[in-house]
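Asks: missing the sequence, but the structure's below:
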Ligand SMILES: Cc1cc2nc3c(=O)[nH]c(=O)nc-3n(C[C@H](O)[C@H](O)[C@H](O)COP(=O)(O)OP(=O)(O)OC[C@H]3O[C@@H](n4cnc5c(N)ncnc54)[C@H](O)[C@@H]3O)c2cc1C
């Protein structure tokens, strides 16, 4: 059996960031993920904001890593062919008391090293954010805040890691871990894996993994956030990311710009017990609508085209990133709540350092392929470019998803890049995610997926086993596969 | 840039009617673009009968009704049909851009008729709370899966909405041997035709719950059950009335919305029966939701005539 130098459990943004960072070195690396596809945990359902570092206690690890991550993600997104947009954020104050609080936030953020902060007045707000509630008195402007597609970040990191030698195994759930003298034995639903070093990046389930090695001093609590996506037509609802003043438990309900163009409102912050409860509620909707309208009164319920909930893996107030010296070689990366997406590149560096100190020799490879070719999305390029593309490959003109303008070529490319489920295709391409919510394109995408992966239509799933789309194929030209 | 006299976007019954009538009224250069691989629009998947009663004084199926117009369109050489062609941009100077396999084309038209049809309201638009598993379909998608693809979406079905589409799909599922466990309607009566209530629901003993709504969808991967609650006339839940229905599928059939995104993005608004941009016309379900294709056809014929007159007077 192969002995890996490093095994990583969990292929969310943290696991894949670490994998890619480690793939610079001469190591055998395995990344294990329980779901059918990567990014199906917390990393698929968040706000996609690259935070500047405001709203964090100045002495916190998460604050420090957030500021570093915000800086690092720019280079990474360029290398990986991802669009990072520096949208800038505004934290808005409605009265004198709030303004005081705003000044305190500014001071704290400056201690953390957040660059470019300034207080902007009412006139500035009116000019630069015309839809903002006119009762806002001033705002804290953080120019370095940005947006990125969280799942496309994970997929790009994974693709690049694989290109540099990392082995990724999906549908491979760690169920038991033993530590022998020399290595960890990880028993999974997909067989046994052995590794000298083990990284726990299991998100919501990091406490279970840690528990398998007898380290039980933290618990992960799911803190739910419901988010509501608006029609792309409203792309210009806000020009910046707009925040209220943060509460004790969260950054509050925001007006979010997304990498896909659709504005989003949310998230809520609700303490729960069930780590699989991704339901959305009427109460959540009402709360989000009310809070969002306080910032931008023009937010219209009728523009909501989709919603989801995500669970923040919360364990106390800060991230837990440490080498468990009692179980040499075991590194916990747990409690990666918000701003985990932002901090991910910095977390990856930190973990490399920890591994190095723990005795894993990090020797650079002669060749590290840092770049990944940009994936083409028709929705983000001008029509003139689309015209050239169609000339080069006819199937760019074969539009499958009309709401989001996704071609058959893009769907096939997504499958070639690893998509195996309808959701996987959705996250990669935005097909089925528009205003008709897949009513028109589902059948065509199912057929392409079935064809490309040689899977019978009845086995095509939304997001893995158990979520099959149809129950039976009764067509006369039943499948040849 | 290519110039054409009349461009019609949408090859459903309305677009075809507009094309035929514009031709009858003297337009000799017509381009009809359709995103699907065949003409006929949504009628192709409506294999039930009930079409043409007013227009043809006959009872036809959807494909039969569409077929008559397709024949007619094909017999007119002045109408060029471009299939698998999706219009992606319209500007108020009547320039339209569309994509098709192998081609992106921009055309400047003397007049334009938008007959792009409608889409269904989704679960998301009426915010049904709960989980988001597989097994929640719009009625139109389920209809397409069964009637066009021969795929059965589910075996135990709950339908939300008692409009005609919901009722017809209840019967369709019943005919396929699926169990339609309930139709849930928030209003106090059906918006559908009486004949559909009788032929699709009563004849198949399907329970209909008026003044009820789904209050929660359960199921992690696939729909497992729904909870249903009675509401008062202001749609407030009545405490103590909650019950559950086991099912693997939910069909959402809660109304249609005209598809007008291209017009909207062009900054053109619909005012009464015309648009704010002279020479751009809208007809069929993209203009307003019709109960019967017969009336959509008649109105679209008129739109075709208006477009012809507009071109003549240029
Ligand atoms: C509503 C919401 C909004 C947010 N907004 C932002 C934001 O705007 N900006 C920001 O920076 N952060 C944001 N966050 C936080 C951010 O999403 C998380 O910090 C980040 O995604 C955590 O990534 P992860 O890789 O640790 O977790 P995950 O993505 O959950 O990855 C863990 C993976 O481990 C797998 N796994 C678990 N157990 C096992 C096992 N036994 N065997 C194998 N695999 C296993 C899981 O399936 C999963 O794929 C938000 C979070 C939420 C919930």
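Replies: Nice, I can see it. Given the structure is predicted, the values throughout are model-derived calculations rather than measurements.

Asks: Tell me how far the residue nearest to residue B:308 when sequence neighbours are not counted lies from the ligand.
Replies: Distances taken as C-beta to C-beta, 6 or more residues apart in numbering or on different chains put residue B:25 closest to residue B:308, at 3.5 Å, once the chain neighbours are dropped. All C-beta spots, glycine's among them, are computed from the backbone N, C-alpha and C. As judged by C-beta to the nearest ligand atom, to the nearest Å, residue B:25 and the ligand stand 57 Å apart.

Asks: And for residue B:25, the neighbour number?
Replies: 16 (other C-beta atoms under 10 Å in any protein chain shown).

Asks: That one is in contact with residue B:310, isn't it?
Replies: No: Residue B:25 is not in contact with residue B:310 according to C-beta atoms under 8 Å; the separation is 10.4 Å.

Asks: Report the closest residue of the stretch 51-200 of chain A relative to chain B.
Replies: Proximity of the stretch 51-200 of chain A to chain B (C-beta to the nearest C-beta) peaks at residue A:171, 13.9 Å away.

Asks: For that residue, give its distance to residue B:217.
Replies: Counting by C-beta to C-beta, to the nearest Å, the gap from residue A:171 to residue B:217 is 26 Å.

Asks: which one of the two has more residues nearby?
Replies: Regarding residue A:171 and residue B:217, a neighbour count based on other C-beta under 10 Å identifies residue B:217 as having more, with 24 against 16.

Asks: so who does the nearest residue to the more buried one once chain neighbours are set aside touch?
Replies: In space, and not counting its chain neighbours, residue B:217 is closest to residue B:130: 3.3 Å by C-beta to C-beta, 6+ apart. For residue B:130, the contacting residues are A:279, A:280, B:214, B:216, B:217, B:218, B:226, by C-beta atoms under 8 Å, 6 or more residues apart in numbering or on different chains.

Asks: again with residue B:144
Replies: Residues in contact with residue B:144, defined by C-beta under 8 Å, 6+ apart, are A:443, B:45.

Asks: In which helix or strand does it reside?
Replies: Element membership for residue B:144, per DSSP states H and E: helix B:139-147.

Asks: What residue in the stretch 151-300 of chain B comes nearest to the ligand?
Replies: residue B:220 (13.6 Å; C-beta to the nearest ligand atom).

Asks: That residue and chain A: what is the separation?
Replies: Between residue B:220 and chain A the computed distance is 6 Å (C-beta to the nearest C-beta, to the nearest Å).

Asks: isn't there a helix covering that residue?
Replies: No: using DSSP: H, G, I helix; E, B strand; the rest coil, the secondary structure at residue B:220 is coil, not a helix.

Asks: Look at it and say how many residues are nearby.
Replies: Using other C-beta under 10 Å, residue B:220 is surrounded by 16 other residues.

Asks: What about the closest residue to the ligand within the stretch 51-200 of chain A, how many residues nearby?
Replies: Of all residues in the stretch 51-200 of chain A, residue A:174 sits closest to the ligand, at 3.7 Å by C-beta to the nearest ligand atom. A count of nearby residues for residue A:174, using other C-beta under 10 Å, gives 24.

Asks: try residue B:64
Replies: 16.

Asks: For the stretch 201-314 of chain B, list the residues in contact with chain A, please.
Replies: Taking C-beta under 8 Å from any C-beta of the partner chain as the criterion, the stretch 201-314 of chain B approaches chain A at residues B:216, B:217, B:220, B:221, B:222, B:248, B:261, B:264, B:265.

Asks: Show me what the longest helix seen in chain B is packed against.
Replies: Counting residues, the longest helix found in chain B (DSSP state H) is helix B:293-312. For helix B:293-312, the packing partners by 3 or more C-beta pairs under 8 Å, 6 or more residues apart in numbering or on different chains; DSSP states H and E come out as strand B:2-9, helix B:13-24, helix B:62-74, strand B:103-114, strand B:280-282.

Asks: How far off centre is that helix?
Replies: Offset of helix B:293-312 from its chain centre (C-alpha atoms, centre = their mean, to the nearest Å): 19 Å.

Asks: Which residue, other than its chain neighbours, is closest to residue A:315?
Replies: Closest residue to residue A:315 apart from its sequence neighbours, by C-beta to C-beta, 6+ apart: residue A:335 at 3.4 Å.

Asks: now swap in residue B:170 and tell me
Replies: residue B:180 (4.8 Å).

Asks: roughly how far apart are whatever residue of chain B ends up closest to chain A and the ligand?
Replies: The minimum distance from chain B to chain A, using C-beta to the nearest C-beta, falls at residue B:150 (2.8 Å). Residue B:150 sits 35 Å away from the ligand, going by C-beta to the nearest ligand atom.

Asks: In contact with that residue, which residues?
Replies: Residue B:150 touches A:473, A:474, A:475, A:476, counting by C-beta under 8 Å, 6+ apart.

Asks: which one of these is nearest the ligand?
Replies: Checking those against the ligand with C-beta to the nearest ligand atom, the nearest one is residue A:473 at 30.1 Å.

Asks: Show the pLDDT at that closest one.
Replies: Residue A:473 is assigned a pLDDT of 95 by the prediction.

Asks: Then residue A:380?
Replies: pLDDT recorded at residue A:380 is 89.

Asks: repeat for residue A:181
Replies: Among the per-residue scores, residue A:181 shows a pLDDT of 87.

Asks: Count the residues that sit near it.
Replies: Neighbours of residue A:181 using other C-beta under 10 Å come to 4.

Asks: residues in contact with residue A:228?
Replies: A:264, A:265, A:266, A:285, A:288, A:289, A:304, A:306, A:307.

Asks: Likewise for residue A:165?
Replies: So residue A:165 contacts A:23, A:28, A:29 (C-beta under 8 Å, 6+ apart).

Asks: Would you reformat those residues as JSON lines and include distance to chain B and secondary structure?
Replies: Shown next, in JSON lines, are the contacts of residue A:165 (distance: C-beta to the nearest C-beta, whole Å; DSSP: H, G, I helix; E, B strand; the rest coil):
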{"residue": "A:23", "distance to chain B": "33", "secondary structure": "coil"}
{"residue": "A:28", "distance to chain B": "34", "secondary structure": "coil"}
{"residue": "A:29", "distance to chain B": "30", "secondary structure": "strand"}
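
Asks: what's the closest of the residues you listed to the ligand?
Replies: When those are ranked by distance to the ligand (C-beta to the nearest ligand atom), residue A:29 comes first, at 14.8 Å.

Asks: partner residues bridging the closest one?
Replies: Under DSSP bridges, the beta-bridge partners of residue A:29 are residue A:6.

Asks: ok so, going back, angle of the longest helix of chain B against strand B:103-114?
Replies: In this structure, helix B:293-312 runs at an angle of 100 degrees to strand B:103-114, with axes from the mean of the first three to the mean of the last three C-alpha atoms, to 10 degrees as the basis.
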